[in-house]
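Engineer: My questions are about this predicted structure, shown below with the sequence.
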Amino acid sequence: MQFWVIQTLNSLSLGGLLFLLSSGFSLIFGLMRIANLTHGAFFMLGAYIGITIMKNWVPNLWLATLLGGAVIAVIGGIFERFVLRPLAGNSQGQVLVTLGVSLIIADLCLIVWGGDPIPIPTPESLRTPLRVMNFMFPAYRLAVVLIAIGTAIGLYFLIERTRLGAMIRAGVDDMQMARGVGIPVSRLFTTVFCLGAALAGMGGIIGGPILSAYPGLDADMLPLALIVVILGGVGSLVGAFVGSFIIGFVYTFGIALLPDLAYVILFLPMIIVIAFRPRGLFGKVSA
Amino acid sequence: MTAGVLDKTKLAWWAVLAAALVAVPFLMGDFYINLLSQIFIAVIFAASLNMLVGYGGLTSLGHASYLGVAAYMSAWLFLKMGWSHLVIAPIAIIGTTLMACAFGWIALRATGLGFMMLTLALSQVLWGLAYRWVGVTDGDNGLRGLTRPAPFGIDLENTTAFYFFALIVTVVALAMISRFVHSPFGAALKGTRDQPRRMSALGHNVWMIRWLTFVYSGFWGAVAGVMFVYYNKYIHPTSMALTSSAEGLLGVIAGGSGTLAGPVVGAAIVVLLKNYVSGYVERWNMLLGFVFVFIVIFMPEGLVPGMHRLWNKLRARKAVRDSNTGGREKA
């Protein structure tokens, strides 16, 4: 019984991390029609920068998350402005550039932080597991789930209830009309890209105590995020949320029950959805 | 490259190239012969990908899957089952092609960015599988200990023999791929790349054309994989990682996608760059990334079309100058 409880919680926390990663990917894709393959690299870079901040300046994980997220947002903004922007309209070229930059970031991380995994300590207050009716719940993983849910609610309000969100929705629905009625689409793009990058980076730091920072973290997370987005539908926040938890469960239980074939099991939900609903569970348009 | 275009100068160039390729093993050391063999394998790989990327307009980010799976199947059947190469090679190639049938069916539910994401996701899943399915793939150790085959009693362990083997396979592959893209089917494929809706209105089955191309591309990717594992006698999960797919794709776009010579030039450049740089610094991935960014931003059409354009421009300018001076050369 303890096994199922723990694995369920692991699934939920992985789902939460995947949501932080894939919601940004999905937002960027929905608005800008860019499949941002640097997203996995942002996640890994976030984890490395987070642990560096914690070691050298502020030993608090939550502050490091905010600072690290800000750093990644700035990096993302520079990347969007100076590398992706000149290629506007050439979506294939943009994907190839994001692929190239993800290779560069991954190699830079290897140079700076070396090849050994760097653990990120769990915050002091969340180290003792919660005990409810004879079951042990790792407190940190619960916190990750809560953070993901909080982020999801925050993003939902941002998109549905604010002026910025209204502009984003207008841009997603009809870019030309949005430009026509005077929405500053250019600034909007940079804002959304920064936001998506920051979410990925913060996901990396928050995931640190569970996953730690290691070379190859990007390549491990990117396919999961892609599958989440394919599953949930591009540009859909709800899709990213539901997809994240589905993949969180499938992957965690796959690893626990069939360790050799966990990656094949990832295929299954994707193939089923692709076969019957190519646009994804909640997607409005096909990719 | 149709027969009508082959004028005498072109024919002469081809003859020179053929003579040079045949002469290489007798003039150069083992290092260079092996380097050329590696280039041949990369050329098959890039040319197979080019059918999708260049002629089909479908940028696959997961082509290394076919190379990797064919190589893994060859190695596994040889090492764990002890079968002979004569049986293994067709099984590996057909098996991988069947996988391409399935992958094509999944990936072609979308086009454009969706296609890229699906091919990437599928290949990353296979890569993860190669790492973690230790019982079959030996995980991070890779499969080692394969020997090269000896067709008709010619042992391919010999560097020169392998060179000629690779050369022949490459020539056959390029000829078959050339035949494919210049056939009416190839014309239809280019039509689906440029105007899918019109092609559909004309009664072509756009999806089927793309799918068949995907499968054919997977077939030659598998051939490249079998050659790859013969050459290296070793296969590791990194060979099917995103980096490996990216190298093939870089070969295509650096040389010029949608041209026959493009992937040949591009793959040669990538292999040379990789061998040259890794001799000095261990920063191949970073260089690969920088070259990618550079090519996409500054040379999106690739080297071969770029050079071609430059050449035509020079010729046009020369023709104008000649006509201005009445055809007389200035003293």
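Structural biologist: Structure's in. What do you need?

Engineer: In contact with residue 85, which residues?
Structural biologist: Assuming you mean chain A. Counting by Cβ atoms under 8 Å, 6 or more residues apart in numbering or on different chains, residue A:85 makes contact with residue A:189. Where you see a C-beta, it was placed from the backbone N, CA and C, and this is true even at glycine.

Engineer: Correction: the question concerned chain B.
Structural biologist: Residue B:85 neighbours (Cβ under 8 Å, 6+ apart): B:78, B:149.

Engineer: at 7 Å what do you get?
Structural biologist: residue B:149 (Cβ atoms under 7 Å, 6 or more residues apart in numbering or on different chains).

Engineer: Tell me the spacing between it and residue B:41.
Structural biologist: Counting by Cβ to Cβ, to the nearest Å, the gap from residue B:85 to residue B:41 is 17 Å.

Engineer: Compute the number of surrounding residues for residue A:188.
Structural biologist: By the other Cβ atoms under 10 Å in any protein chain shown criterion, the neighbourhood of residue A:188 contains 18 residues.

Engineer: ok, it to residue A:154 distance?
Structural biologist: 18 Å.

Engineer: how about the residues of the stretch 51-200 of chain B that lie near chain A?
Structural biologist: With Cβ under 7 Å from any Cβ of the partner chain as the criterion, the stretch 51-200 of chain B meets chain A at residues B:59, B:106, B:109-110, B:112-114, B:116-118, B:120-121, B:124-125, B:128-129, B:132-135.

Engineer: can we see that at 6 Å?
Structural biologist: B:59, B:106, B:109-110, B:113-114, B:116-117, B:121, B:124-125, B:128-129, B:133 (Cβ under 6 Å from any Cβ of the partner chain).

Engineer: residues touching the residue in the stretch 151-300 of chain B positioned nearest to chain A, list them.
Structural biologist: Here the stretch 151-300 of chain B gets closest to chain A at one residue, residue B:292, 3.0 Å apart by Cβ to the nearest Cβ. Contact partners of residue B:292, counting by Cβ atoms under 6 Å, 6 or more residues apart in numbering or on different chains, are A:100, B:250.

Engineer: three-state assignment of it?
Structural biologist: helix (DSSP: H, G, I helix; E, B strand; the rest coil).

Engineer: tell me which parts of chain A are close to chain B?
Structural biologist: So far as Cβ under 6 Å from any Cβ goes, chain A lies against chain B at A:35, A:91-93, A:95-97, A:100, A:103-104, A:107, A:223, A:226-227, A:260, A:263, A:266-267, A:274, A:278, A:287.

Engineer: please redo it, this time with the cut-off set to 7 Å
Structural biologist: Checking chain A against chain B by Cβ under 7 Å from any Cβ, the hits are A:33, A:35, A:86-87, A:91-93, A:95-97, A:99-101, A:103-104, A:106-107, A:219, A:222-223, A:226-227, A:230, A:259-264, A:266-267, A:270-271, A:274, A:278, A:286-287.

Engineer: Am I right that residue A:37 falls within a strand?
Structural biologist: No. According to three-state DSSP, residue A:37 belongs to no strand; its state is coil.

Engineer: mind listing the helices for the chain?
Structural biologist: In the absence of a named chain, this looks at chain A. A:2-32, A:39-56, A:61-79, A:91-113, A:139-161, A:163-173, A:175-180, A:185-211, A:217-232, A:237-257, A:262-276 (DSSP state H).

Engineer: please go with chain B instead
Structural biologist: Ranges of helices in chain B, per DSSP H, are B:8-27, B:30-50, B:64-76, B:85-107, B:112-132, B:134-137, B:159-182, B:184-194, B:196-201, B:206-232, B:242-255, B:261-278, B:284-298, B:303-324.

Engineer: Low-confidence regions, chain A specifically.
Structural biologist: When residues are selected by pLDDT under 70, those of chain A lie in A:284-287.

Engineer: May I have the residues that are in contact with the spatially most central residue of chain B?
Structural biologist: With distances taken as Cα atoms, centre = their mean, residue B:46 lies nearest the centre of chain B, 1.6 Å away. Contacts for residue B:46 were tallied using Cβ under 7 Å, 6+ apart; they are B:248, B:251, B:252, B:263, B:266, B:267.

Engineer: at 10 Å instead, please
Structural biologist: The contact partners of residue B:46, taken as Cβ atoms under 10 Å, 6 or more residues apart in numbering or on different chains, are B:53-54, B:63, B:221, B:224, B:247-255, B:257, B:262-268, B:270-271.

Engineer: how about the nearest residue to residue B:190, chain neighbours excluded?
Structural biologist: residue B:55 (5.7 Å; Cβ to Cβ, 6 or more residues apart in numbering or on different chains).

Engineer: what separates that neighbour from residue B:306, distance-wise?
Structural biologist: Per Cβ to Cβ, residue B:55 is found 19 Å from residue B:306.

Engineer: And these two? Which one has more around it.
Structural biologist: Neighbours around residue B:55 and residue B:306, counted as other Cβ under 10 Å, are more numerous at residue B:55. The numbers are 23 against 15.

Engineer: and the more buried one, what pLDDT?
Structural biologist: For residue B:55, the pLDDT comes out at 92.

Engineer: I'd say it and residue B:213 touch.
Structural biologist: Yes. Judged on Cβ atoms under 10 Å, residue B:55 makes contact with residue B:213 at a distance of 7.3 Å.

Engineer: got any residues that touch both of these two?
Structural biologist: The contact lists of residue B:55 and residue B:213 share B:180, B:181, B:186, B:189, B:192, B:193, where a contact means Cβ under 10 Å, 6+ apart.
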